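Asker: Return atomic coordinates for the entry below.
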Amino acid sequence: MAFLSSMNVVGSGLTAQQLRLDVISENITNQNTTRTEAGGPYRRKFVVLESQGGQTPFQQALARARGEAVATQGGVQVTEIAEDPSDFKLVYDPTNPDANADGYVEMPNVDLVKEIADAMAASQAYSANVTAFNVLKQVAAKGLEIGK
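Answerer: Residues are numbered from 1 along each chain as shown. A predicted model of the protein is given here:
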C-alpha cells in the first residue's frame, strides 16, 4: 500500500509541474499581447500549489493516540491559477492602435527572465519527480525478484 501511495505522490508532483510549465508557456507566448477578450493587455498567470493530505509525524502520532485514521498520503495539488496583480509596463509607441492619448501602450506584465527562471525550476522539479518514479520502479522490480 505504501508503494501505491508513493506513486500517487510522485504522480501528483508530475501533474502539478506539467501544469506549471504549461502556464509559463502561455505567459511567454502572450508577452506581447496588448488586447485580450477581457479587455486590456494580457496579465501574467501563475500556479498556486498546496500540500495535499499527508500528516506530519506529530499529527500521525496524535491521530494514533486518539484512535483515528492516520493519513499517510501526501503530494501536491493545484489550488488555483492566479493572475499577477503587478502593474503593466508602459511603452511609448504612438503608432500602435492600442496606444492611449499620450502615445503609450500598456504591455503585459510578463518578464521573460522571470518566466525562464520559473520554467527552469519547474523543469528541475519535474526531473526530480521522474527520478523518484524510476527509483520506485526499481524497488518494485527488486521486490518482485525476492519471490523467485
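Asker: Would you map the strands across the protein?
Answerer: 45-51, 76-83, 89-92, 104-107 (DSSP state E).
Asker: what's the most buried one of these?
Answerer: Of all those, strand 104-107 has the most neighbours on average by mean count of other CB atoms under 10 Å, namely a mean of 18. From N, CA and C alone the C-beta is placed, and that goes for glycine too.
Asker: Name the strands paired with that one and say parallel or antiparallel.
Answerer: Sheet pairing of strand 104-107 (DSSP bridges) gives strand 89-92 (antiparallel).
Asker: Just the CA trace of the partner strand, in PDB.
Answerer: What follows is strand 89-92, C-alpha atoms only, in PDB (Å, rounded to 0.1, in the frame of the first residue of the first chain):
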ATOM      1  CA  LYS A  89       4.600  48.200 -18.500                       C
ATOM      2  CA  LEU A  90       4.100  51.400 -20.400                       C
ATOM      3  CA  VAL A  91       5.800  51.600 -23.800                       C
ATOM      4  CA  TYR A  92       5.800  54.700 -25.900                       C
END
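Asker: any residues touching it, and which ones?
Answerer: 103-109 (CB atoms under 8 Å, 6 or more residues apart in numbering).
Asker: could these be laid out in JSON lines, adding pLDDT?
Answerer: Listed next are the contacts of strand 89-92 as JSON lines, based on pLDDT from 0 to 100:
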{"residue": "103", "pLDDT": "94"}
{"residue": "104", "pLDDT": "96"}
{"residue": "105", "pLDDT": "95"}
{"residue": "106", "pLDDT": "95"}
{"residue": "107", "pLDDT": "95"}
{"residue": "108", "pLDDT": "96"}
{"residue": "109", "pLDDT": "95"}
